[in-house]
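Trainee: sequence isn't available, so here's the structure alone:
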């Protein structure tokens, strides 16, 4: 399975990257598939739990992890939206 950029039919790759960058998704995340993104999210979540359990808290580490979690969740949501749209488009093609 490819990332969301390859699923956007009729849209230039640079346009797709621009769209995803507007919602705060980094280029490297745009090129990951949903399984890779979910694995990344699980790893970041575990790392964030470790960061919060470490005393004293390392604010910079927690802030970076929180930002990375949010970006990864955004990439997952964007990819699911694109995949959903692609599925609808495929069904519409079959009906025609």
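Mentor: Here it is on my side, so go on. Source: prediction; values computed, not measured.
Trainee: per-residue pLDDT, residue 68?
Mentor: pLDDT, residue 68: 93.
Trainee: quick one: low-confidence ranges for this protein?
Mentor: Residues of the chain meeting the criterion pLDDT under 70: 1-27, 82-96.
Trainee: make it 80
Mentor: 1-31, 79-96 (pLDDT under 80).
Trainee: can you list the helices and strands that whichever helix or strand residue 29 is part of packs against?
Mentor: Element membership for residue 29, per DSSP states H and E: helix 27-30. Applying 3 or more C-beta pairs under 8 Å, 6 or more residues apart in numbering; DSSP states H and E, one finds that helix 27-30 contacts helix 13-22, helix 59-95. For every residue, glycine as well, the C-beta is placed using N, CA and C.
Trainee: could I get the buried residue list for stretch 31-40?
Mentor: Judged by neighbour count using 16 or more other C-beta atoms under 10 Å, the buried positions of stretch 31-40 are 32, 34, 37, 40.
Trainee: what about the first one, distance to residue 71?
Mentor: To tie it back to what came earlier, the one meant is residue 32. 11 Å (C-beta to C-beta, to the nearest Å).
Trainee: could you do residue 38 as well?
Mentor: Using C-beta to C-beta, we find residue 38 at a distance of 14 Å from residue 71.
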